[in-house]
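> Fold the following for me, if possible:
(chains A and B)
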Amino acid sequence: TQLLEQSPQFLSIQEGENLTVYCNSSSVFSSLQWYRQEPGEGPVLLVTVVTGGEVKKLKRLTFQFGDARKDSSLHITAAQPGDTGLYLCAGIRSGTYKYIFGTGTRLKVLA
Amino acid sequence: GAGVSQSPSNKVTEKGKDVELRCDPISGHTALYWYRQSLGQGLEFLIYFQGNSAPDKSGLPSDRFSAERTGGSVSTLTIQRTQQEDSAVYLCASSFLAGGPSSYNEQFFGPGTRLTVL
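Numbering: from 1, shown residues only, chains lettered A, B, ... in the order given. Sure, this is the predicted structure:
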């Protein structure tokens, strides 16, 4: 059972375009994280969101946690080729220590 | 180095053989996680350790999979009688503490071991 569904699964865009990646669940999470993974490497943490409705910005990346803490989004403004990679969301449910990862979104930004 | 290391980086084995995958966490990190990733998709949780104890083994796919951690440091994931469906990248991560949103719980991942079962 996949508890975190990401969309789109694949995304290929031109440099300078904006994009949004979604991470959805029917379960409530106490916190949710976003990672980026490059080929041959492990995922690297980008951000953690904790409070429902929380918005965090990291340069050109904006992360939002849904009010009900069941979903999240990642928005990239003016994408650059360096943003290319696999984006993963991961959540922890209250009372557990197990991270549940999303299905992943593979982003390719063309120069 | 100061990061999480895993060995071997690549392992090719024949169906039915046993394999051992090793993870060296960041020094001082008490929590250690194992994940499996197929074809560049999402990560599948396998097991986590807090110290040498494994409070949650719920992700291990079958009794052919086992893991141990000794001295609160190095961990070994063992797969017995490997099957072709075991082919994947096995990732290890460590954190100062297990779970939660605190900076103490940030997971640092190793580069993974790519396992191919022929």
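> Mind giving me the packing neighbours of the helix or strand of chain B at the bottom of the mean pLDDT ranking?
Within chain B, no helix or strand scores below strand B:53-56, which has a mean of 89 by mean pLDDT, DSSP states H and E. Applying 3 or more CB pairs under 8 Å, 6 or more residues apart in numbering or on different chains; DSSP states H and E, we find strand B:53-56 packed against strand B:43-50. The way it works is simple: take the backbone N, C-alpha and C, and place the C-beta from them, glycine included.
> what about the strand it packs on and chain A, any contact?
Yes: using CB under 8 Å from any CB of the partner chain, we find that strand B:43-50 touches chain A at B:43-45, B:48, B:50.
> same for that strand, what does it pack against?
strand A:99-101, strand B:31-37, strand B:53-56, strand B:65-69, strand B:75-79.
> 7 Å instead, please
Here strand B:43-50 touches strand A:99-101, strand B:31-37, strand B:53-56, going by 3 or more CB pairs under 7 Å, 6 or more residues apart in numbering or on different chains; DSSP states H and E.
> nearest to A:Ala90, of these?
strand A:99-101 (4.6 Å; CB to CB).
> Give me the contacts around the closest one.
Counting by CB atoms under 7 Å, 6 or more residues apart in numbering or on different chains, strand A:99-101 makes contact with A:3-4, A:88, A:90-92, B:42-43, B:45, all of which sit outside it.
> what do you get for stretch B:36-55?
By CB under 7 Å, 6+ apart, stretch B:36-55 touches A:86, A:88, A:97-104, A:106, B:30-35, B:56-57, B:59-60, B:67, B:69-70, B:72, B:75, B:88-91, B:98.
> Over to stretch A:14-21?
A:6, A:11, A:13, A:73-81, A:87, A:105, A:109-111.
> And the residues you listed, which of them are buried?
Among the contacts of stretch A:14-21, the ones that count as buried by 16 or more other CB atoms under 10 Å in any protein chain shown are A:6, A:11, A:13, A:73-76, A:79, A:87, A:105, A:109.
> Which of the residues you listed fall in strands?
Within the buried ones among the contacts of stretch A:14-21, residues falling in strands by DSSP state E are A:6, A:11, A:13, A:73-76, A:87, A:105, A:109.
> Smallest distance to chain A belongs to which residue of chain B?
B:Phe109 (2.6 Å; CB to the nearest CB).
> pLDDT score for the residue nearest to that residue when sequence neighbours are not counted?
Computed as CB to CB, 6 or more residues apart in numbering or on different chains, the closest residue to B:Phe109 that is not its neighbour in sequence is A:Gly42, at 2.6 Å. You'll see A:Gly42 listed with a pLDDT of 94.
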